[in-house]
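A.B. asks: Fold the following.
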Amino acid sequence: MLEAIEISDDRISTLVRPGASLQKLATGAVQSEGPVYFHEDDSVVWSDAHGNRLLHWNSSNNVSVIRNPSDYQSGNYRDLEGRLVACSSGLRAIIRREDDGEWKTLVDRYQGKRLNSPNDLLVKSDNTIWFTDPPYGITEPNQGYGGEQEQPGSYVYRFDPVKGEIYPVVTDMVRPNGLAFSPDESLLYVSDTAAFNIPGGPHHIRVYDVVDNRYVKNGRVFAVIEPGQPDGFRVDEHGNIFTSSEDSVQIYAPDGTKLGKIFIPETSTNLTFGGKKHDRLFITAGHSLYAIDLNTRGVQL
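C.D. replies: Residues are numbered from 1 along each chain as shown. Prediction:
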């Protein structure tokens, strides 16, 4: 049974199934991160971000290592052709697994200077890739290969893999980390996890209006997340935000109202929707991968 749920608003009862069971599917990672679901074989690929490996779980409860070393992969997603696209904090690049299994670097520079260390990403409905670029792979010895920061700040970028065009869309955050679009892609949510290693730094989710599918404006704070930071998060079909935090997966309505928490035994880092009906939430937390069935469905690929 579900170990514990905190109800802050009765609307949460329409999202979390009564008596739902939180399942631990796998463990043994140094730091689990960046889950992505593959419906073709009902499986999840996720990063052992600090262990420098890429892991795979399937519905037969088989777990395997599919890339070692992984060049410190963090966030993972699928493009419109079903290919795995990932943030490589080690290579300081966005990379993609091709149909033949080889990995290709899509972009690693902006204006001729190396990116910091891409952390999380999305593929929009027009196949553009939006990603965050904090310096954790440079500053944290267990998240990358180090080096010098060449970019003047930590930005959110929009990259068009067809045109090879890249430019920053968000430049007013300290340490942008997780990100997600609203169901109609009119809003972009981005988490700031600066409090991770900057005393007094932000630990909130900001939201921006998307303009012409290419830019954003009118950034404002959507929700302050505590305890901990809102590392990675996803949006359901109704626009509710499911975000990681230190003690739980926290759930927020589109108007910013906190609906409640699903407590997780380890510190959650990221999550994704999957399952045949897209109503199963897969959660990376600490050393492990968890799952819980919900009464709502995700909207991402």
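A.B. asks: Only C-alpha atoms from now on, for both contacts and neighbour counts.
C.D. replies: Fine.
A.B. asks: Okay, helices next: where are they in this structure?
C.D. replies: Using DSSP state H, the helices found in the chain span residues 136-139.
A.B. asks: Spatially central residue for it, please.
C.D. replies: Nearest residue to the geometric centre of the chain (Cα atoms, centre = their mean): Gly232, 4.0 Å.
A.B. asks: and that residue, what does it touch?
C.D. replies: Gly34, Asp120, Asn177, Gly178, Leu179, Ser191, Thr243, Ser244, Thr269, Asn270, Leu271 (Cα atoms under 8 Å, 6 or more residues apart in numbering).
A.B. asks: partner residues bridging Lys104?
C.D. replies: Arg96 (DSSP bridges).
A.B. asks: So what's the residue count around it?
C.D. replies: Other residues near Lys104 come to 13 when the count uses other Cα atoms under 10 Å.
A.B. asks: Could you identify the buried members of the contacts of Gly232?
C.D. replies: Gly34, Asp120, Asn177, Gly178, Leu179, Ser191, Thr243, Ser244, Thr269, Asn270, Leu271 (16 or more other Cα atoms under 10 Å).
A.B. asks: Take the residues you listed and keep only those in strands.
C.D. replies: Within those, residues falling in strands by DSSP state E are Gly34, Asn177, Gly178, Leu179, Ser191, Thr243, Ser244, Thr269, Asn270, Leu271.
A.B. asks: Which member of those is positioned nearest Asn62?
C.D. replies: Of all these, Asn62 sits closest to Gly34, with 18.5 Å by Cα to Cα.
A.B. asks: And for the closest one, nearest residue in space, chain neighbours not counted?
C.D. replies: Closest residue in space to Gly34, ignoring its immediate chain neighbours: Gly75 at 4.2 Å, by Cα to Cα, 6 or more residues apart in numbering.
A.B. asks: ok, the one you found - contacts?
C.D. replies: Glu33, Gly34, Pro35, Ser47, Ala86, Cys87, Asn119, Asp120, Leu121.
A.B. asks: In CSV: those residues, plus pLDDT and distance to Leu289.
C.D. replies: As requested, these are exported to CSV (pLDDT from 0 to 100; distance: Cα to Cα, whole Å):
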residue, pLDDT, distance to Leu289
Glu33, 98, 9
Gly34, 97, 10
Pro35, 98, 9
Ser47, 98, 10
Ala86, 98, 18
Cys87, 98, 19
Asn119, 98, 19
Asp120, 98, 18
Leu121, 98, 20
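A.B. asks: Now a ChimeraX select for only the buried ones of these.
C.D. replies: Buried residues within those, by 16+ other Cα under 10 Å, are selected in ChimeraX with:
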select :33,34,35,47,86,87,119,120,121
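A.B. asks: Perfect, that will be all.
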